[in-house]
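**Q** Next come a sequence and a model predicted from it.
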Amino acid sequence: MTSPMQIAIIGASGQIGSEVARAAGAAGADVLAVNHAACDVTDVTSVERALAPLRAGDAVVNTAAFHRTDACEEAVDQALSVNALGAFNVAAAARSRGATVVYLSTDFVFDGAKRTPYVENDPPSPINVYGASKAAGEALTRAANPASYVVRVSAVFGPAGSSGKGGNFVEAMVAKARAGEAPEVVEDIVMAPTSAIDAAALLVELVRRSAPFGVYHLANAGACSWLEFTSTICTLIGAGVRPRALKASQVNGKARRPLYSVLASDRLSALGLQTRNWSAALAEYLTLKGYRTAP
Ligand SMILES: NC(=O)c1ccc[n+]([C@@H]2O[C@H](COP(=O)([O-])OP(=O)(O)OC[C@H]3O[C@@H](n4cnc5c(N)ncnc54)[C@H](OP(=O)(O)O)[C@@H]3O)[C@@H](O)[C@H]2O)c1
């Protein structure tokens, strides 16, 4: 009898990593959960030690990131070290064991100049350090390991919350709305929210099927401004407050942000896969977290 495929997850306790671990286990894979304490992607020795159990045909999912966008502007070394050099280290260690690598990336590799959804073969042109470090991580992943997937997501919400960002946007808005405080959010930045649960299931499916290598966009379908996203959260949880609109130019972040970064996939449909609309995934998330009762 052949043993099941092993899927190692770097950042296994993170927002996406925890869902990938769950989805991989549900798909029958042998899950190797690798936490930050056991493996720092910037340290080759620790990466090689953590991935030593892998065999040819196994896979590594690299979710590790330094992804506080404004902090990256002032900690360029750290951003490049974790997001780019770390990506190379993981991809190279996977290759030396004959394993596939999956690198989690972001809509922030784009500049936002486009006004129709970004698809996988649009060229990256980042406008901040975080985006540049992730675009470098994508390229280094590919260079170090041809058996690689780059999986882009955006505005992620998952039950664990993002450990690097101290939670997720949905949780922050729910907390404000429940406290009777009207959230202030930008109305002129448009993106496609991503359910960590949905993206993890698709990611594992790509690996399980040995889909063609390359870039995939796994955001949920549709698009919204952060204001629309927040209004929908408030409506779905029956909050008595409505969000107030801000312009991006009124927000004092250190990093420039793309005004339009909707991710759509040209590649999933060729595999018979699709993403559902972000609002359906959001409603399910809010129900799962007990913020609303299912209709
Ligand atoms: N969250 C979003 O909205 C979003 C949007 C677009 C793209 N992404 C991408 O999606 C990926 C995962 O995001 P997420 O929301 O799941 O983030 P997360 O919850 O912060 O998870 C990242 C995980 O990586 C670990 N980690 C951080 N630095 C590490 C290092 N040097 N070596 C090894 N492990 C390290 C973290 O551990 P500790 O917490 O213990 O340090 C954490 O478990 C990232 O690559 C990010 O760039 C996220």
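**A** Nice, thanks for sending it over.
**Q** Which residues of this structure lie near the ligand?
**A** Residues of the chain lying close to the ligand (C-beta under 6 Å from any ligand atom) are 10-11, 13-17, 36, 39-42, 63-65, 67, 82, 86, 104, 106, 134, 153-156, 162-165. Heads up, the C-betas are built off the backbone N, CA and C, glycines and all.
**Q** List only buried entries from those.
**A** 10-11, 13-17, 36, 39-42, 63-65, 67, 82, 86, 104, 106, 134, 153-156, 162, 164-165 (16 or more other C-beta atoms under 10 Å).
**Q** Quick one: mark the members of the residues you listed that sit in helices.
**A** 15-17, 86, 134 (DSSP state H).
**Q** What is the nearest of those to M5?
**A** Among these, G17 lies closest to M5 (C-beta to C-beta), at 17.4 Å.
**Q** what's near enough to touch the residue in the chain positioned nearest to the ligand?
**A** Residue of the chain nearest the ligand, by C-beta to the nearest ligand atom: G14 (2.2 Å). G14 sits next to 63-64, 160, 162-164 when contact means C-beta atoms under 8 Å, 6 or more residues apart in numbering.
**Q** Point out where the stretch 1-150 of the chain drops to low pLDDT.
**A** 1 (pLDDT under 70).
**Q** make it 90
**A** Residue ranges of the stretch 1-150 of the chain with pLDDT under 90: 1-3.
**Q** Okay, strands next: where are they in it?
**A** 6-10, 30-34, 59-62, 100-106, 148-153 (DSSP state E, counting those that start in this stretch).
**Q** what bridges to V151?
**A** L104, Y216 (DSSP bridges).
**Q** Now do the contacts for it.
**A** Contacts for V151 (C-beta under 8 Å, 6+ apart) come out as 102-105, 199, 203, 206, 215-216, 218.
**Q** Between those, which sits nearest K114?
**A** The closest of those, once distances to K114 are taken by C-beta to C-beta, is V215, at 15.8 Å.
**Q** List the beta-bridge partners for A33.
**A** Residues in beta-bridge contact with A33 (DSSP bridges): I9.
**Q** With adjacent residues omitted, what lies nearest to S265?
**A** Leaving aside its chain neighbours, S265 sits nearest to H217 (4.3 Å; criterion: C-beta to C-beta, 6 or more residues apart in numbering).
**Q** Count the residues that sit near the one you found.
**A** Residues lying near H217 (other C-beta atoms under 10 Å) number 28.
**Q** I'd like to know how far it sits from A92.
**A** Computed as C-beta to C-beta, to the nearest Å, the H217 to A92 distance reads 25 Å.
**Q** and if you look at V151?
**A** Applying C-beta to C-beta to V151 and A92 gives a distance of 19 Å.
**Q** M191 now?
**A** 32 Å.
**Q** ok, these two, which is more surrounded?
**A** M191 (24 against 18).
**Q** For the closest residue to R49 other than its chain neighbours, list the residues it contacts.
**A** In space, and not counting its chain neighbours, R49 is closest to C39: 7.4 Å by C-beta to C-beta, 6+ apart. Residues in contact with C39 (C-beta under 8 Å, 6+ apart) are 10, 46-47, 49-50.
**Q** how does it look with 7 Å?
**A** Neighbouring residues of C39 by C-beta atoms under 7 Å, 6 or more residues apart in numbering: 10, 46-47, 50.
**Q** Over to A65?
**A** A65 neighbours (C-beta under 7 Å, 6+ apart): 82-83, 164.
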